[in-house]
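S.K.: dropping a prediction and its sequence here:
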Amino acid sequence: MSDRFPEAFLFGSASAAYQVEGAYKEDGKGDSIWDNWVRIEGKTYQGTNGDVATDHYHRFREDVRLMKEMGLKAYRFSISWTRILPEGRGRIEKKGLDFYHQLIDELLENEIEPVLTIYHWDLPQTLQDEYGGWESRRIIDDFTEYAKVLFEAFGKKVKYWIILNEPNIFTQLGYLLALHPPGKKDMNLYLKTYHHTALVHANVVKAYKEGGYEGLIGSSIAYTPGYAASSDEKDEEARRRYYDTVCWWIMDIFYKGEYPAWGYEEFTRRGIAPEVTDEDTLILKEAAKLSDFIGINYYQSAMLAHNPIDGIGLSDFNVSGEKGNFKESGVPGLYRQVYNPNVEYTDWDWAIDPDGLRVALVEISKRYEKPAFISENGIGAFDELEEEKVHDGYRTEYLKSHIMACHEAMKEGVDLLGYCTWSFTDLLSWLNGYQKRYGFVYIDFEDENLPRIKKDSFAFYEEVIRTQGNNCLREE
Ligand code: BG6
């Protein structure tokens with residue numbers, strides 16, 4: 001491996017429909033669960049919502065112009081299901097398809113590879129109301145039909161498909177922590193809905209392959225590798241349990257087609273293991289083979305310690321940005337996530353650990369023997385706008401160290417297709433409002449014109465792309 005990234009490596013950036021588009025009632029769009037959740041008092045930071053967001057729906061040409069100026073190789077975005085199928089299934093809204101055709105065409109004309117996410121959390125409200133959305137196996141057929149509509153419409157233009165964004169996060173926050181819709185707290189339901197996401201992934205992969213499309217398909221999992229807090233056997237054991245019930249649990253079912261044996265037995269002992277039929281196993285295993293890549297969203301690592309059976313449970317997390325509010329959290333009898341004194345933390349108490357990305361890539365690539373794609377990586381921060389400038393050196397530093405970690409992993413044999421930062425412009429953070437920023441482009445949300453202002457990190461990433469990563473790898 002040379003001192004640069006391969007020529008075909010996709011240096012990109014990402015977003016999601018609800019977090020950027022706005023226009024939440026326009027052109028026949030139906031309601032998603034997020035359109036309604038944000039209206040319930042106390043559910044989001046200071047009641048923020050995505051009604052307008054960055055107004056990308058009307059201003060995507062301006063945003064793509066900025067991407068072009070930067071030299072971006074790939075733009076990952078998601079489709080809003082209810083723009084295409086306002087009732088979740090059945091009637092197709094042509095205006096929805098038109099919008100995404102225009103966006104994709106604009107990207108292609110500017111030589112930016114579209115990376116399309118089919119689902120980034122905005123489930124049609126109708127499906128939630130009718131059968132509980134992810135709680136029912138009925139979601140499999142409806143989702144697959146929706147995906148087929150997209151394949152049919154965009155299958156010739158789009159070569160990179162991400163079926164689900166972070167199924168482990170939206171099921172956990174929706175069914176275990178009650179922080180996302182539908183706001184439930186039930187370990188049983190969390191494991192059940194997660195199983196349904198794997199079945200959706202499998203059915204959609206199969207449909208794509210049966211359609212004979214020429215592109216690559218996978219799903220993106222939020223992956224948080226873990227270290228033992230000490231060499232004490234009890235902490236080592238906690239780490240193994242974390243892998244069997246979290247890391248390998250979420251990954252294996254998508255990319256091996258089965259759950260890790262220890263984890264499944266443990267959840268069976270606790271009476272909460274999801275039902276896995278023979279039919280499920282068949283299709284899950286088939287799809288695991290057919291999936292072309294593993295999407296990884298990486299933000300942080302975890303430090304793990306022993307947690308006795310009467311130990312601590314799950315806690316909520318910092319959504320205020322007041323640093324120093326890290327709370328231990330865990331599953332009694334399995335593991336406990338503790339503060340890591342060896343790394344820095346963000347203002348939202350997320351551990352900054354570039355080496356964790358290398359660790360994640362290497363262990364995933366060894367276990368599943370598939371190419372990987374970093375579909376999200378970035379730092380959320382309070383950016384200050386001073387005289388039309390944003391000096392976000394911390395972002396440059398964060399990204400640089402993580403890009404170096406990708407390169408290290410590739411030197412260790414990882415087949416990495418691309419790297420998308422989160423995010424291109426600032427956007428809505430689901431639970432943290434507009435004050436937690438991730439973009440290269442600052443958006444002044446106080447100004448109704450939503451002006452776009454390039455931050456210092458914009459020039460840094462422009463240089464990353466121009467030098468094929470070489471500016472991150474050479475010694476200064
Ligand atoms: C990922 C999601 O979990 O992390 C994004 O895919 C999200 O949609 C990103 O915005 C950052 O999380 P947060 O909570 O800081 O906005």
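M.R.: Sure, I can see it.
S.K.: and Tyr398, what helix or strand is that in?
M.R.: Per DSSP states H and E, Tyr398 falls inside helix 393-411.
S.K.: the nearest residue in space to Gln128 that is not next to it in sequence: neighbour count?
M.R.: Excluding the flanking residues, the one nearest Gln128 by Cβ to Cβ, 6 or more residues apart in numbering is Ile33, at 5.2 Å. (Glycine included, C-beta is placed from N, CA and C.) If you count neighbours by other Cβ atoms under 10 Å, Ile33 ends up with 25.
S.K.: report pLDDT for Ile33.
M.R.: Note on Ile33: pLDDT of 98.
S.K.: how about it, what does it touch?
M.R.: Taking Cβ atoms under 8 Å, 6 or more residues apart in numbering, we find Ile33 in contact with 122-125, 128, 133, 181-182.
S.K.: in helices only, show me those.
M.R.: 125, 128 (DSSP state H).
S.K.: next, format the contacts of Ile33 as JSON lines and append neighbour count.
M.R.: Listed next are the contacts of Ile33 as JSON lines, based on neighbours: other Cβ atoms under 10 Å:
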{"residue": "Asp122", "neighbour count": "27"}
{"residue": "Leu123", "neighbour count": "23"}
{"residue": "Pro124", "neighbour count": "25"}
{"residue": "Gln125", "neighbour count": "21"}
{"residue": "Gln128", "neighbour count": "21"}
{"residue": "Gly133", "neighbour count": "23"}
{"residue": "Pro181", "neighbour count": "24"}
{"residue": "Pro182", "neighbour count": "19"}
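S.K.: from the contacts of Ile33, pick the one nearest the ligand.
M.R.: Asp122 (10.6 Å; Cβ to the nearest ligand atom).
S.K.: need the contact list for the closest one.
M.R.: Applying Cβ under 8 Å, 6+ apart, the residues near Asp122 are 17-18, 32-35, 78, 80-82.
S.K.: sec struct for Phe418, please.
M.R.: Rather than Phe, residue 418 is Gly. Recorded secondary structure, Gly418: strand (DSSP: H, G, I helix; E, B strand; the rest coil).
S.K.: that one against Ala74, yeah?
M.R.: Yes: contact status for Gly418 versus Ala74: in contact at 5.9 Å, counting by Cβ atoms under 8 Å.
S.K.: quick check: neighbours shared by these two?
M.R.: 10-12, 115.
S.K.: now restrict those residues to buried residues only.
M.R.: Applying 16 or more other Cβ atoms under 10 Å to those, the neighbour count classes 10-12, 115 as buried.
S.K.: which two from those residues end up farthest apart in space?
M.R.: Phe11 and Val115 (11.8 Å; Cβ to Cβ).
S.K.: now for those two: what residues contact both?
M.R.: Common neighbours of Phe11 and Val115 (Cβ under 8 Å, 6+ apart) are 74, 418.
S.K.: could you give the average pLDDT over stretch 189-202?
M.R.: Per-residue scores along stretch 189-202 average to 98.
S.K.: ok, stretch 314-334 next?
M.R.: Rounded mean pLDDT across stretch 314-334 is 91.
S.K.: close to the ligand, is that stretch?
M.R.: No: remark: stretch 314-334 sits outside contact range of the ligand, by Cβ under 6 Å from any ligand atom, the gap being at least 7.9 Å.
S.K.: tell me the buried residues in that stretch?
M.R.: Those would be 314, 318-319, 321, 326, 329-331, 333-334, for stretch 314-334 by 16+ other Cβ under 10 Å.
S.K.: excluding its backbone neighbours, what's nearest the closest residue to the ligand within the stretch 1-150 of the chain?
M.R.: As assessed by Cβ to the nearest ligand atom, the ligand sits closest to Ala16 within the stretch 1-150 of the chain, at 5.0 Å. Nearest residue to Ala16 in three dimensions, chain neighbours excluded: His120, at 3.8 Å (Cβ to Cβ, 6+ apart).
S.K.: near the ligand, which residues of the stretch 201-350 of the chain are found?
M.R.: 222, 297.
S.K.: in the stretch 201-350 of the chain, where is pLDDT below threshold?
M.R.: The model of the stretch 201-350 of the chain has no residue with pLDDT under 70.
S.K.: what's the helix or strand for Ile163?
M.R.: In the assignment (DSSP H and E), Ile163 maps to strand 160-165.
S.K.: again with Ile118
M.R.: Going by DSSP H and E, Ile118 is in strand 113-119.
S.K.: what sits up against that strand?
M.R.: 10, 12, 14, 16, 73-79, 81, 103-104, 107-108, 143, 146-147, 150, 154, 157-165, 204, 220, 375, 418, 420.
S.K.: distance of Lys157 relative to Lys25?
M.R.: Using Cβ to Cβ, to the nearest Å, Lys157 is found at 27 Å from Lys25.
S.K.: the two: which is more packed in?
M.R.: Neighbour totals were compared for Lys157 and Lys25, and Lys157 leads with 15 against 11 (other Cβ under 10 Å).
S.K.: on contacts alone, who are the packing partners of the longest helix seen in the chain?
M.R.: Ranked by residue count and defined by DSSP H, the top helix of the chain is helix 187-210. For helix 187-210, the helices and strands in contact under the criterion 3 or more Cβ pairs under 8 Å, 6 or more residues apart in numbering; DSSP states H and E are helix 138-154, strand 160-165, helix 167-175, strand 216-222, helix 248-255, helix 278-290.
S.K.: Ile364 is nearest to which of the ones you listed?
M.R.: helix 248-255 (6.9 Å).
S.K.: give the contact list for the nearest residue to Asp31 once chain neighbours are set aside.
M.R.: Take Asp31 and drop its neighbours on the chain: the residue closest to it by Cβ to Cβ, 6+ apart is Gln125, 4.3 Å away. Gln125 makes contact with 30-33, 35-36, 82, according to Cβ under 8 Å, 6+ apart.
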